[in-house]
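Asker: got a sequence here, can you model it:
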Amino acid sequence: MQFQLFAFAFAALAAAAPGAAPGYTSTNGDKPLANAPKGSAAVCTSGWTPSCCATNVLGVAGLECSAVPKTITSKDNFKRQCSKQGLSDNCCLIPIISAVDVTALVLKAILKAIPGYSNSLKPGHPGSQTFQLPAIRTEGILRIDDDNVASFINALRTRPDGSATTTSFNQADVINPFFLVASTVPLTITILTHRSCPIKPLGAVNTRNQIRFLDPGFCRSINTIKAAADASQLSYGASFGGEESPGRRSKRGIEFCITIELFTPDAVVLRQECSFMQPLPKHTQPKWDGSEAEASESADSFTENGNSSGDTFQMSPQDPLRWAATSKDYNPIHVWKTGAKLFGFSNVIAHGNHVGALAVERLRGSQSGQAYQMCWESDKAFSISLKFTRPMILPATADTEWQASKAEGSVSFIVKRAEKLLSHGYSIRGTARDESKLNAALNVLRKRHPEAQIEGVIVKDMTAEGAFDEAMAGVAGVMHVASDMSFGSDPKVVVGGAVAGVVNALRAAAKTPSVKRVVYTSSSIATTRATSNKKFHIDTSSWNDADADLVKDPNANRNDPYWPSNVYGASKVESERAGWAFVKEHQPQFTFNTVNPNLVLGPILLPPGSTGGMVQAIRDGDEEKANMIKHLPPQYMVHNKDVALLHLAALLESDVNNERLLAFAEPFTYGSIIKTFAKIDPSWSHPEIPENEPQDLSTVDTSRAEELLKRYGRNGFAGLEETLREQLAFKP
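Answerer: Just a heads-up that it's a prediction; the model follows:
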């Protein structure tokens, strides 16, 4: 559940409301306050005096002492808070964020977008895949009152329909340990808006959180937490960068970590390691060398075969507002539909830590299992790992799972809506035309996903009536990827068979009440015929009528070398149109979507690998097998991982309804493939590169597909070089 740090004014304005949220005070972000006597000179640093009561809240306001009274959001609230701490009006730690702080946050966010205002990224040691990051730390005291507790509890209480319940709390109650986690969001904002920080706040994506509850008893006891806060004995510290925590180059950009601690004078009670990624241009030094390791997966990463327990619960578009009230994360993509749309989402998305907190709260009701014992009963330190693989657009059902980890005393929480069905707990049933092909596919998949439930059914003839009835029984989603790839010359056989296969699959799905979604693998050739040296535009309204009409023409030249391709093109046009016509006529219970990919390349699980295998043949020197690619007209390619993710989006995303998703990544030619292989391996003795090759000059509207890929952690489509690198490096 990725979220982008954005609109700091929203977070600051929310925190400025009296009693709305925990308050923070700091000393210009450079010294701890945990041991500072109330009202002493130790409270004020950098030339500040004890009579200056407005400490530099969140480390962002540079206030003059004489201006202090004008910076208080509510003078009465200011006096009340000072009195509560037993301090005089002219020297207290203000537990609110002032209007000046709001202005400072906004200005810092704006200024950081100006080139040269803040530090730029610098490469790390020569030859390393790292960036130098300056050491930045901010510290301060956490303030908590009853309203904070009430808003947190309210964020965790929802009815099955997603609406809020009326809440009350008993101060003696044990509280969800995520209460303290929810209080730390403003610290990341403070770090990322710091002028010395080379990270631009907009676009930084939270990809993973490792939360270590070092004193679980403290973190679950609201009375203990409040007592420490009332005595100014509960402090925070947030750290970024330095020699021990450099940025790491990844395929998509820079990965970095912000470490947050909550501590008393005696010990650290909670540590949170927040991993982020900011996209970078491919040319940024150091360039990614293709050797990216999953360094973000620490020793506590979840095991594939560990004990696990799962749960599902509903989340509504109103839930992020309740979480924002307690966490101060008023990011528009969470709380404002229009703001979410500005970033390409159809509606607001859930906060990642909110889903984690809700899952912990639901464990409380189960009162059983290893995860429950750790989160709610154990006094031994434990950790929770949350990995945000994709955003959850609301309303949605959170399909969650807890798994025991390799490291003793830790559990991992997974939202099973991630980039691969098998990787995250979905059961699948596949079909093949004969037993040998079925067994080959099952063996590979079971080897790669030993924990998954994988079944297979033989469908000898997909054109036969009722061909898919057995395979469809009890399933919730269908991906129909089968098609006649024989490149036969008889339209009645090829086109007729493709149409019958789609219609039979849809009929079987319509007869199966459990089926909610069907995705058909169409093709780019259903939208257009590959055309050289001609400028034209392709979008979701485009259809390849040229091939569809040609194969119906009795005077067409069936001896033309491109005739089989024309027949195949017509088969994809007519089969997809038949699918849309079936849905329009019968109004079935399921949603129907299509994915239209151009030539698919990438890692090959099973030989011969179709088009990917043909391209591999160029690299392997197999001229006979590579001959087809050599004589293809110029067109676009696409990585098979991106095609798979678009199928997943069409199957799972609630806002993808009756859509065609166009999967076109980058134009290529036979010569560009040779050049790319030679770039990857300069020692390769390659065939001659053709001169003056024709080019694909078309443009394609892939905006919807790219927006969906970004939900799954991609920056858009992978290009030719990245795809071929991964294809060559892949070991099945």
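Asker: can you get me a residue count around Val495?
Answerer: Counted by other CB atoms under 10 Å, the residues lying close to Val495 total 25. From N, CA and C alone the C-beta is placed, and that goes for glycine too.
Asker: distance check, it against Asp549.
Answerer: With distances taken as CB to CB, to the nearest Å, Val495 is found 12 Å from Asp549.
Asker: repeat that for Leu187.
Answerer: Distance, Leu187 to Asp549, using CB to CB: 63 Å.
Asker: which one's more surrounded, these two?
Answerer: Shown here are Leu187 and Asp549; by other CB under 10 Å, Leu187 has more neighbours (28 against 13).
Asker: got the phi/psi numbers for the residue of the chain most remote from its centre?
Answerer: In the chain, Asn555 marks the outermost C-alpha relative to the chain mean, sitting 52.6 Å out by CA atoms, centre = their mean. Phi and psi for Asn555, reported as degrees, to the nearest 10, are phi -100, psi 10.
Asker: quick one, grab the pLDDT at it.
Answerer: pLDDT, Asn555: 92.
Asker: OK, contacts around Val515?
Answerer: By CB atoms under 8 Å, 6 or more residues apart in numbering, Val515 lies in contact with Met472, Val475, Ala476, Gly477, Val478, Ala509, Gln589, Phe590.
Asker: meant to ask about Asp681, not that
Answerer: Leu728 are the contacts of Asp681 under CB under 8 Å, 6+ apart.
Asker: one more: Phe131?
Answerer: Taking CB under 8 Å, 6+ apart, we find Phe131 in contact with Leu121, Lys122, Pro123, Gly124, Pro198, Pro246, Gly247, Arg248, Arg249, Ile254, Phe256, Pro286.
Asker: show me which of those are buried.
Answerer: Buried residues within the contacts of Phe131, defined by neighbour count using 16 or more other CB atoms under 10 Å: Leu121, Pro123, Gly124, Pro198, Pro246, Gly247, Arg248, Arg249, Ile254, Phe256.
Asker: the lengthiest helix in the chain: what's the following helix or strand?
Answerer: Criterion DSSP state H: the longest helix present in the chain is helix 563-586. Sequence order places strand 591-597 as the next helix or strand after helix 563-586, per DSSP states H and E.
Asker: paired strands for that next one, with orientation please.
Answerer: As defined by DSSP bridges, the strand partners of strand 591-597 come to strand 517-521 (parallel), strand 660-663 (parallel).
Asker: still on that earlier bit, ok, the residue farthest from the centre of the chain - contacts?
Answerer: Listed by CB under 8 Å, 6+ apart, the contact set of Asn555 is empty.
Asker: and Ser565, what does it touch?
Answerer: Neighbouring residues of Ser565 by CB under 8 Å, 6+ apart: Phe487, Ile525.
Asker: if you set the cut-off to 7 Å instead, what comes out?
Answerer: The contact partners of Ser565, taken as CB atoms under 7 Å, 6 or more residues apart in numbering, are Phe487.
Asker: what about it, distance to Pro597?
Answerer: Distance of Ser565 to Pro597, given as CB to CB: 16 Å.
Asker: likewise for Arg362?
Answerer: For Arg362, the distance to Pro597 (CB to CB) stands at 39 Å.
Asker: compare those two (neighbour count), which wins?
Answerer: Pro597 (27 against 17).
Asker: count the residues that sit near the closest residue to the more buried one other than its chain neighbours.
Answerer: Nearest residue to Pro597, sequence neighbours excluded (CB to CB, 6 or more residues apart in numbering): Ala663, at 3.8 Å. By other CB under 10 Å, 28 other residues sit near Ala663.
Asker: touching, Ala663 and His639? I think so.
Answerer: No. Counting by CB atoms under 7 Å, Ala663 sits too far from His639 to count as a contact (9.0 Å).
Asker: which stretches in the stretch 401-550 of the chain count as helices?
Answerer: 435-448, 469-472, 491-510, 545-550 (DSSP state H, counting those that start in this stretch).
Asker: looking at those helices, which is nearest to Asn658?
Answerer: The closest of those to Asn658 is helix 491-510. By CB to CB, the value is 13.4 Å.
Asker: and the closest one, how far out from the chain's middle?
Answerer: 35 Å (CA atoms, centre = their mean, to the nearest Å).
Asker: just checking, what packs against that helix?
Answerer: Other helices and strands packing on helix 491-510, by 3 or more CB pairs under 7 Å, 6 or more residues apart in numbering; DSSP states H and E, are helix 469-472, strand 477-480, strand 517-521, helix 563-586.
Asker: give me the neighbour count for the closest residue to Lys641 other than its chain neighbours.
Answerer: In space, and not counting its chain neighbours, Lys641 is closest to Gly602: 6.0 Å by CB to CB, 6+ apart. By other CB under 10 Å, the residues close to Gly602 number 24.
Asker: let me see the contact set for Gly602.
Answerer: Gly612, His639, Asn640, Lys641, Thr723, Glu726, Gln727.
Asker: farthest pair within those residues?
Answerer: Greatest spacing in the contacts of Gly602, by CB to CB: Gly612 and Lys641 (11.6 Å).
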